[in-house]
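Engineer: coords please:
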Amino acid sequence: MSYVALARKWRPQRFEELIGQEHITTSLKNVILGNRITQAYLFAGPRGTGKTTAARILAKAINCQEKDLNFRPCNNCNFCLEVTKGSSLDVLEIDGASNRGIDEIRELRERIKFAPVSLKYKIYIIDEVHMLTEPAFNALLKTLEEPPSYAIFIFATTDPNKVPLTILSRCQRYDFRRISKEDMIKALERIAQEEGVIVDSSALDLISLKATGSLRDGQTILEQLITYKGEVIKKEDVLSLLGKASYENLINLSQSISCQDITRCLSLIKELYYQGLDLKQLVFDLLQFYKDLYLLKISSHLVEVLELSKNELDPLMEQVKNYSLEYLKNIIECLKKLYSELKGTDHPKLILELGMMDLIELKDKVPISHILSQLKEIEERGKAKELTFSLKKDDSVSLLSELSEHSSLEIIPSLNLEEAQRGWSLLLERLKKKKASLIGFLSQGEIIGINNDTLILGFKESFYSKMIEKKENKEIIEEEIRNVFNQELRLKIVAQKKNEVKKEEADELNYSLLLDREPVVKETLEIFEGQIISIKNK
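Structural biologist: Numbering: from 1, shown residues only. Below is the predicted model of the structure:
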């Protein structure tokens, strides 16, 4: 006998043999036991979950010659055997992907007029029914509205959302689930035993994960491995065949990222690349790895939702200590972007290396949540002022934008320069009445800056500045300044070597005075490793 693929050889022939679909097999058995056979069924679900197989079993059960309904299909009567072999004239399988036009459906409508050859029902199984064109669906609709009493339709689809509502409303719908990891391993283990093949449990774990809930995919991978390695299959064989990185490699990459060891990280990528590893698959595996780390960081109780063995879980618990929740979140976002970039590139190694460098640099970035918490702490001290500063870390623009949305922190001068200059003439007028000699000294200077509670006067000649600096004169001037501007202001005298003080010198003086008088500003700059760029006058 010619070779038969495992997926066909081990295809279920009874409802009880369907794996992971107990909710459907129970319903279909009750259909047979209660003789509640309707005219149309829709089986929807992911690939490899048993939709077409269930359709064939149902077709056999409906026409089975076994009198005891509990044992249908019997797989022994002539009809059951014909359906199993695919030779029955009363069960027609149609591929909706290749017979999707209106002409094919018109032909089906003509053929449906003929009664079954030898049995009670004539059954039409249309696979991938969502591939039919709109005119084809419209032609099929009339048949579904008024079908012959002997005709039964069973539709199978992986995308039920593309099936028109007018068709869906005339069908009994059954949604197939992905096969669980446990059920997949049991099924593959049984097949391996029957085939005389020894497969490691860790190898079965990898196969079931790669199959992503599709039993057919799992059977195909197992068949490839039997062809590749013969009667003994180990974990390393699966990794080699699938082009996947081992869990040890993922741990090593994670360690190099958390330790910011870029040399080790790039060396590992180079090694895996020349081993023939699919780099896109590597990024996918890293995404899965860091997703598990993220869940464990949130709560150790979430270990129950992770599909990990104890050998994989233990090193993962050690790794989670090296990451903050914010860092893990940023890594996942970066890997998602990297995975998309690898889809269309001809240079995956270069893109991956650049991506890994970005991952390592993420650790140095200041988390926005940390900045916000620090700002909140400062605000709670009651020092609400306006401060313009720059961060040394990257993304300062986006950080400052978010800070402006979340924080009311301000550091502004209590009096701006323009207001001070407007009030200067009034100040001189008041001093004339109190001590006229001061007018001559002050007229030789000018206001060149103001910073919170400090008014800065610039003098070109040191004689005049010394006169103003005298204690009795300075006290008189400061008293009148308080009266004119209605606030406490100190007087600061500086010498001008030219017509005016250079802007850089005045700014430097303003910043120095600000830090002396406002410890909260100094503390803020130290926390964020920043520097003052400008002081806004309002």
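
Engineer: the nearest residue to residue 239 once chain neighbours are set aside: neighbour count?
Structural biologist: Counting by CB to CB, 6 or more residues apart in numbering, the nearest residue to residue 239 once its immediate chain neighbours are dropped is residue 246, at 5.5 Å. Any C-beta I mention is one placed from the backbone N, CA and C, and that applies to glycine too. Other residues lying near residue 246 total 17 when counted by other CB atoms under 10 Å.

Engineer: care to break this structure down by domain?
Structural biologist: What automatic domain parsing lists as the domains of the chain is 6-175, 181-242, 247-362, 368-406, 417-517.

Engineer: of all the ones you listed, which one is nearest residue 524?
Structural biologist: Among the domains of the chain, domain 368-406 comes nearest to residue 524, with 6.1 Å by CB to CB.

Engineer: before we move on, the earlier item: and the residue nearest to residue 239, how far from residue 356?
Structural biologist: Separation of residue 246 from residue 356 (CB to CB, to the nearest Å) stands at 18 Å.

Engineer: among the domains of the chain, which one carries the weakest average confidence?
Structural biologist: Of all the domains of the chain, the minimum mean pLDDT falls on domain 368-406 (a mean of 52).

Engineer: please report the distance of the residue nearest to residue 239 from residue 311.
Structural biologist: Remark: distance between residue 246 and residue 311 (CB to CB) = 12 Å.

Engineer: and if you look at residue 464?
Structural biologist: Residue 464 is 84 Å from residue 311, by CB to CB.

Engineer: those two: which is more packed in?
Structural biologist: With neighbours defined as other CB under 10 Å, residue 464 and residue 311 compare such that residue 464 has more, 18 against 10.

Engineer: not counting its neighbours along the chain, what's nearest the more buried one?
Structural biologist: Once flanking residues are discounted, residue 464 sits nearest to residue 444: 4.3 Å by CB to CB, 6+ apart.

Engineer: test my guess that that neighbour contacts residue 461.
Structural biologist: Yes. In this structure, residue 444 is within contact of residue 461 by CB atoms under 8 Å, at 6.3 Å.

Engineer: residues touching residue 163, list them.
Structural biologist: 42, 129-130, 137, 155, 157 (CB atoms under 8 Å, 6 or more residues apart in numbering).

Engineer: please narrow the residues you listed to those residing in helices.
Structural biologist: Mapping these onto helices (DSSP state H) picks out residue 137.

Engineer: looking at the contacts of residue 163, which are in strands?
Structural biologist: Residues of the contacts of residue 163 located in strands (DSSP state E): 42, 155, 157.

Engineer: and the gap between residue 141 and residue 492?
Structural biologist: Taken as CB to CB, the span from residue 141 to residue 492 is 90 Å.

Engineer: more neighbours: these two, which one.
Structural biologist: Between residue 141 and residue 492, residue 492 has the larger neighbour count (other CB under 10 Å), namely 17 against 14.

Engineer: wasn't that one part of a helix?
Structural biologist: No. In this structure, residue 492 is strand, not part of a helix, as judged by DSSP: H, G, I helix; E, B strand; the rest coil.

Engineer: does it really touch residue 459, like I thought?
Structural biologist: No. Taking CB under 8 Å as the definition, residue 492 is not a contact partner of residue 459, at 11.4 Å.

Engineer: on that earlier part again, just the buried residues from the contacts of residue 163, in PyMOL please.
Structural biologist: The buried residues among the contacts of residue 163 can be selected in PyMOL (16 or more other CB atoms under 10 Å) with this line:
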select buried, resi 42+129+130+137+155+157
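
Engineer: report the two of the contacts of residue 163 separated the most.
Structural biologist: 42 and 137 (12.9 Å).

Engineer: joint contacts of these two?
Structural biologist: Taking CB under 8 Å, 6+ apart as the criterion, residue 42 and residue 137 both touch 163, 167.

Engineer: for residue 88, what are its contacts?
Structural biologist: So residue 88 contacts 79, 82 (CB under 8 Å, 6+ apart).

Engineer: understood, closing this out.
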